[in-house]
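A.B. asks: Sharing a model that was predicted from the sequence below.
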Amino acid sequence: METELKLLVDPRDGRRLLRHPAVTALKQGRARSVRFVATYFDTPERDLAAAGAALRVRQEGARWIQTVKSGGDGAGGLHRREEIEWTLATDRVDLSLLQDTSFAKLFARAGVRERLAPVFVTEFTRTAAPLAFPDGSVGELALDIGEIRAGSRSEPISEAEIELKTGAASTAFALALAVCDDVPLHLGMASKAERGFALAAGRGRAPRKAASVSLDPDLSAGEALRRIAWAAIGQMQANEAGTIDALDPEFLHQLRVGLRRLRSILALAREPLAKSIHATLLEDLRALQQALGPARDWDVFTTETLPPIVSAFPAVSGLKGIRVRAGQLRRAHDRQAAETIASRDFQKLLLRLGLALTDATLDPRDEATAWLGAPARQYAAGILGSRYRKLRKRGAHLATATSEERHATRIAGKKLRYAAEFFASLFPAKRARRFAGALAELQDVLGALNDAAVTGRLLEELEGAGKTPPDATSVGIVRGWVGGAAHHGTTELAARWRAFRRIDAFWR
């Protein structure tokens, strides 16, 4: 089982990384360099990639090595995969070696064995240093510099891997944290195989939505929370580059969704986190959410709220002026959000999250954290029940609630919705889907009402942003349009609340 922390590093900083005092203190002997050239294989339909497997033949100095890997998982830069290797006499694939492995059925499928062909090549120099950690963990720091080639396309490889042979993954995160203040590091989301297949297909980046996490009822509460947290971090990372490059506002939106989901799941684990050295994580994540909020608010205003108003009043020229000024503010806030995500502080936050989630000191045998060892389903039922009661209490007087009270109800609903999504796989699927659907419809109305409240604040910012105030009549039209939508939403809210109240709690 291969466990490694992947770190992207500027080629100019590679030697600084290998010579950093935190690294040299752990080194066991000299670093050695080897040239690797690897060819990855798959069928034209990419059967192996679809099954989460990768097959390669790599030349390592004078040797040929055939390797098959499982897709495994990769979030927060941490990658875990099953890996099996054989030494070959030539550079030709030998599928007979796979017969007694867990991959045998995949390669025995009709059309797979006969249609395997080269897809892309990686060529790089690896400089590797053996490491021994104080806790007894043993690993290696490898710096890879080279390129990936797929037909006429190519892209550079410049990354470091802290690979653990034995020991806890937390040691890798601790080492990266010790280095990152002096050497800029960026957590790597994709493996070389994933990058190569994307390059061969000519795929660009696309926003990634939250994926459901399948939980086994036999899992402990602690392991269930960790899996959900890793999935949320993975969603954040998958949308990181698109947010930095401002490719599409959906990247920022989905990054913030992942961040909210992460905050929600870590809030459930507040006690063990507070016991560790990472007690400020929740506050730092909250500050990050606040820093990214204005960009998302202006994205919604300029792309969703404003366009139908401008279309409905084509003769009102002042609305076009509002649209121009709103676009300027949106771009300014988008740049600030991109700078926040591109910063070293963001990478350090991800490393601290990884360290907290792999922290071996959180022992479920301790009285304060004994609940970590409880069955996941039992724990989930308690959490869902608690959040359900809070939402029922918040929503009891929605008909006469103020905008602040409706917002508090929305937050309570969002926390319940996240919990329901997190733990749905532990309960009957049909009942869970029915509950989630009714809750989503309620959340949609509450969200629209919140957008109306946010619009008022954005208009105030817009009015104070330029040398001259925007056209007062146009501002009034926007306020009136949004106010009318809010009035309609208030009427619809009562119906959605009644519908939600009729749905049975699926965890009981």
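C.D. replies: Good, I have the coordinates. Numbering: from 1, shown residues only.
A.B. asks: I'd like the average pLDDT over stretch 180-194.
C.D. replies: The pLDDT scores in stretch 180-194 average 92.
A.B. asks: I should have written stretch 323-331 there, sorry.
C.D. replies: Stretch 323-331 comes out at a mean pLDDT of 93.
A.B. asks: A helix includes Ala241, no?
C.D. replies: Yes - secondary structure of Ala241 (DSSP: H, G, I helix; E, B strand; the rest coil): part of a helix.
A.B. asks: pretty sure it contacts Arg205?
C.D. replies: Yes - applying Cβ atoms under 8 Å, one finds Ala241 in contact with Arg205, separated by 6.0 Å. C-beta coordinates here come from the backbone N, C-alpha and C atoms, glycine included.
A.B. asks: ok, residues contacting the helix or strand harbouring Glu161?
C.D. replies: Using DSSP states H and E, Glu161 sits within strand 153-166. Strand 153-166 has contacts (Cβ atoms under 8 Å, 6 or more residues apart in numbering) with 2-11, 14, 17, 122, 124, 131, 136-148, 171-172, 175-176, 185, 188, 192, 195, 199-200, 202.
A.B. asks: What of stretch 13-21?
C.D. replies: With contact meaning Cβ under 8 Å, 6+ apart, stretch 13-21 is reached by 9, 23, 31, 127, 129, 141, 143, 145, 158, 160, 178-179, 182-185.
A.B. asks: try 10 Å
C.D. replies: 7, 9-10, 23-24, 27, 31, 127-129, 141-145, 158-160, 175-176, 178-180, 182-185 (Cβ atoms under 10 Å, 6 or more residues apart in numbering).
A.B. asks: Go through the helix or strand hosting Leu353 and flag the buried ones.
C.D. replies: Here Leu353 sits within helix 344-357, counting by DSSP H and E. Neighbour-count burial for helix 344-357 flags 346-357 (criterion: 16 or more other Cβ atoms under 10 Å).
A.B. asks: and what of stretch 83-96?
C.D. replies: Neighbour counts over stretch 83-96 (16+ other Cβ under 10 Å) mark 88, 93, 95 as buried.
A.B. asks: Please give me every residue in contact with Ala453.
C.D. replies: 403-404, 406-407, 482, 486.
A.B. asks: Same list, the buried residues of stretch 83-96, but as CSV with pLDDT, secondary structure and distance to Ala51 please.
C.D. replies: Below are those laid out as CSV (pLDDT from 0 to 100; DSSP: H, G, I helix; E, B strand; the rest coil; distance: Cβ to Cβ, whole Å):
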residue, pLDDT, secondary structure, distance to Ala51
Leu88, 95, strand, 23
Val93, 93, coil, 17
Leu95, 91, helix, 15
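A.B. asks: got these as CSV, with distance to Lys393 columns?
C.D. replies: Formatted as CSV, these follow (distance: Cβ to Cβ, whole Å):
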residue, distance to Lys393
Leu88, 66
Val93, 63
Leu95, 62
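A.B. asks: tell me which of those is nearest to Tyr40?
C.D. replies: Taking Cβ to Cβ as the measure, Tyr40 sits nearest to Val93 out of the buried residues of stretch 83-96, at 10.8 Å.
A.B. asks: my read: that closest one touches Gln66, true?
C.D. replies: Yes - if you go by Cβ atoms under 10 Å, Val93 and Gln66 touch, sitting 6.5 Å apart.
A.B. asks: what sits in contact with each of those two?
C.D. replies: 41, 55-57.
A.B. asks: related to what we said a few turns ago, spit out the residues that contact Ala241 and Arg205 alike.
C.D. replies: In contact with both Ala241 and Arg205: 247, 251, using Cβ under 10 Å, 6+ apart.
A.B. asks: Which strand or helix spans Lys390?
C.D. replies: Using DSSP H and E, Lys390 falls in helix 376-394.
A.B. asks: just checking, what packs against that helix?
C.D. replies: helix 221-238, helix 249-268, helix 403-423, helix 429-463, helix 472-501 (3 or more Cβ pairs under 10 Å, 6 or more residues apart in numbering; DSSP states H and E).
A.B. asks: what's the angle from that helix to helix 403-423?
C.D. replies: 160 degrees (axes from the mean of the first three to the mean of the last three Cα atoms, to 10 degrees).
A.B. asks: send the alpha carbons of helix 376-394 over as CSV?
C.D. replies: C-alpha atoms of helix 376-394 as CSV (Å, rounded to 0.1, in the frame of the first residue of the first chain):
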residue,chain,number,x,y,z
ALA,A,376,-21.1,5.5,12.9
ARG,A,377,-24.8,4.8,12.6
GLN,A,378,-25.5,5.3,16.3
TYR,A,379,-23.5,8.5,16.3
ALA,A,380,-25.1,9.8,13.1
ALA,A,381,-28.6,9.3,14.5
GLY,A,382,-27.8,11.4,17.5
ILE,A,383,-26.4,14.2,15.4
LEU,A,384,-29.3,14.2,13.0
GLY,A,385,-31.8,14.2,15.8
SER,A,386,-30.1,17.1,17.5
ARG,A,387,-29.9,19.2,14.3
TYR,A,388,-33.5,18.3,13.4
ARG,A,389,-34.8,19.6,16.7
LYS,A,390,-32.8,22.8,16.3
LEU,A,391,-34.3,23.5,12.9
ARG,A,392,-37.9,22.7,14.1
LYS,A,393,-37.3,25.2,16.9
ARG,A,394,-35.9,27.9,14.6
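A.B. asks: now that helix, how far from the chain's geometric center?
C.D. replies: Put simply, helix 376-394 sits 25 Å off its chain's centre (Cα atoms, centre = their mean, to the nearest Å).
A.B. asks: okay, the angle between that helix and helix 429-463?
C.D. replies: 50 degrees.
A.B. asks: pLDDT on helix 376-394, on average?
C.D. replies: 93.
A.B. asks: the inter-axis angle of that helix versus helix 221-238?
C.D. replies: Using the same axes, to 10 degrees: helix 376-394 against helix 221-238 is 70 degrees.
A.B. asks: name the element the residue located most distally from the centre of the chain belongs to?
C.D. replies: Here the chain reaches farthest from its C-alpha mean at Ala315, the gap being 44.2 Å by Cα atoms, centre = their mean. Under the criterion DSSP H and E, no helix or strand holds Ala315.
A.B. asks: Between the two ends of stretch 213-220, how far is it?
C.D. replies: End-to-end distance of stretch 213-220 (Cα to Cα, to the nearest Å): 15 Å.
A.B. asks: Likewise for stretch 43-50?
C.D. replies: 10 Å.
A.B. asks: can you tell me the average pLDDT over that stretch?
C.D. replies: Rounded mean pLDDT across stretch 43-50 is 93.
A.B. asks: And for Gln378, the neighbour number?
C.D. replies: 12 (other Cβ atoms under 10 Å).
A.B. asks: Which residue is the nearest non-sequential neighbour of it?
C.D. replies: In this structure, Gln378 finds its nearest non-sequential neighbour in Ala221, 7.8 Å apart by Cβ to Cβ, 6 or more residues apart in numbering.
A.B. asks: any idea how far that neighbour lies from Arg377?
C.D. replies: 9 Å (Cβ to Cβ, to the nearest Å).
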